[in-house]
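> quick one, structure for this:
(one chain, ligands or ions: 1)
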Amino acid sequence: MGTWLEGKPVADKIRDQVKNEVALCQQTFGKVPGLVGILVGDNPASQSYLRMKEKACQSLGLYGQVLYLAANTARDQLKAKIEDLNNEDKVDGILVQLPLPKGFAAHEVISWINPEKDVDGIHPYSLGLLLQNLPGLRACTPLGVLELIKSAGVGIEGKDVVVIGRSLIVGKPLAAMITNENGTVTICHSKTKNLAQVAARADILIAAMGKPGFIGPEFVKEGALVIDVGSNAVSDKAVVRELFGDDPKREKEIQDKGFTWAGDVQPRVIDKAGWLTPSPGGVGPLTIAMLMRNTLEAFKGRHHF
Ligand code: NAP
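All right, here's what the predicted structure looks like:
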């Protein structure tokens, strides 16, 4: 039986460090790091993610604001908004909450952000710095995954690491970061053959697929460190029962909210893994903590602090 690797204690430490440094920014410069999130449209999941980010800003003493724009906002209007924020001194971080409504090309919208304020780390310039292993703003979720691996006391150098998922926000930057840390990375995706065999070679297995409960024990090497990035809203009671057994709390959640959260990894993998992050409660808290840290870093970069 492995150890559950909870995200909250790791995230709390980072949040405390950020809070102290934010106070120092206030003392030194008379201002604090600022983050603006942009929501185009009214995707409920995006709204709730942005509310969490805004709350985190408030609790750590950062300036935080969400700009709500209608789904039918014109392309040029959105571009002008982002340009205003690029020029606004009190804003150090700009994040455009994805997915965007139909009609917007995410890569184009992200490219309008000044890379110095790209706290999501997905501007082409930021990704170029990452590939060159040069300092720069890095994507928050992969940064959080690295912190979780570190917190387990597991070194990355020389390890076989399998990342399942190749999105721009998680899988690809994460694979590059692990390469920079001298891990030997295999990136898997929906066209990968013999996924279970490939995954079961990993000392460190990271699932970022968006497929609830896809990863069972047959994907996992005995004693491996397993990070579950997946965060999926599941409403099918039978699926939930299959994953979590009889769990009255989850049944009630489905009744009240219409869904419960589940990761990509089956909880019973804990019996075979050395460590497993829960989902929810693993990577999620780290993603927000790293966003706060990135906003602080962007402030420090802009103020040569
Ligand atoms: P995404 O853009 O949909 O990418 C999913 C990736 O998984 C794709 O590369 C896809 O392969 C691969 N995949 C899907 N089905 C597969 C299969 N059967 N076998 C092998 N690979 C498969 O998703 P994402 O944005 O990276 O997010 C992934 C998950 O992480 C989601 O559950 C999301 O909610 C969660 N997430 C959590 C956080 C957090 O803070 N906790 C942050 C970001 C994302 P192809 O490229 O071939 O299609």
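> based on its surroundings, how many neighbours for residue 181?
Residues lying near residue 181 (other Cβ atoms under 10 Å) number 17. No exception for glycine: its C-beta is placed from N, CA and C like everyone else's.
> who's in contact with it?
Contact analysis of residue 181 by Cβ atoms under 8 Å, 6 or more residues apart in numbering lists 146, 156-157.
> what residues does the stretch 1-150 of the chain have near the ligand?
Contact residues, the stretch 1-150 of the chain versus the ligand (Cβ under 6 Å from any ligand atom): residue 141.
> in the stretch 1-150 of the chain, what residue comes closest to the ligand?
residue 141 (4.1 Å; Cβ to the nearest ligand atom).
> how about that residue, secondary structure?
helix (DSSP: H, G, I helix; E, B strand; the rest coil).
> measure it to residue 63 for me?
23 Å (Cβ to Cβ, to the nearest Å).
> ok, residue 285 next?
Separation of residue 285 from residue 63 (Cβ to Cβ): 21 Å.
> more neighbours, these two?
Neighbours per residue (other Cβ under 10 Å) separate residue 285 from residue 63, with residue 285 holding more: 23 against 19.
> ok, the more buried one - contacts?
Residues in contact with residue 285 (Cβ under 8 Å, 6+ apart) are 7-8, 10-11.
> nearest spatial neighbour of the one residue sitting closest to the centre of the chain, chain-adjacent residues omitted?
Centroid-nearest residue in the chain, with Cα atoms, centre = their mean: residue 141, separated by 2.4 Å. Nearest-residue entry for residue 141: residue 287, 4.7 Å, with adjacent residues in sequence omitted and distances by Cβ to Cβ, 6 or more residues apart in numbering.
> so the one you found is in which element?
Assigned by DSSP states H and E, residue 287 falls within helix 283-302.
> would you indicate which residues of that helix are buried?
Neighbour-count burial for helix 283-302, counted by 16 or more other Cβ atoms under 10 Å, picks out 283-299.
> go on, stretch 209-227?
By 16+ other Cβ under 10 Å, the buried positions in stretch 209-227 come out as 209, 211-215, 217, 219-221, 224-227.
> which SS state does residue 18 fall under?
helix.
> so where do the helices sit in the stretch 101-250 of the chain?
Counting by DSSP state H, counting those that start in this stretch, the stretch 101-250 of the chain has helices at residues 106-111, 124-131, 140-151, 171-180, 195-199, 237-244, 248-257.
> turn those into a markdown table, columns for mean pLDDT.
Below are those laid out as a markdown table (pLDDT from 0 to 100):
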| stretch | mean pLDDT |
| --- | --- |
| helix 106-111 | 97 |
| helix 124-131 | 98 |
| helix 140-151 | 98 |
| helix 171-180 | 98 |
| helix 195-199 | 98 |
| helix 237-244 | 90 |
| helix 248-257 | 90 |
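> residue 87: which of those is closest?
Nearest of these to residue 87, taken as Cβ to Cβ: helix 106-111 at 16.6 Å.
> ok, and what's touching that closest one?
So helix 106-111 is in contact with 78-79, 82, 96, 98-100, 118, 120, 122-124, going by Cβ under 8 Å, 6+ apart.
> now swap in stretch 212-220 and tell me
164, 195-196, 199-200, 205, 207, 209, 226, 228, 230, 232, 234, 239, 242-243, 262-266, 268-269, 271-273.
> what's the PyMOL line that selects buried ones from those residues?
Entered in PyMOL, the line below selects the buried ones among those, by 16+ other Cβ under 10 Å:
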select buried, resi 164+195+199+200+205+207+209+226+228+230+232+234+243+262+263+264+265+266+269+272+273
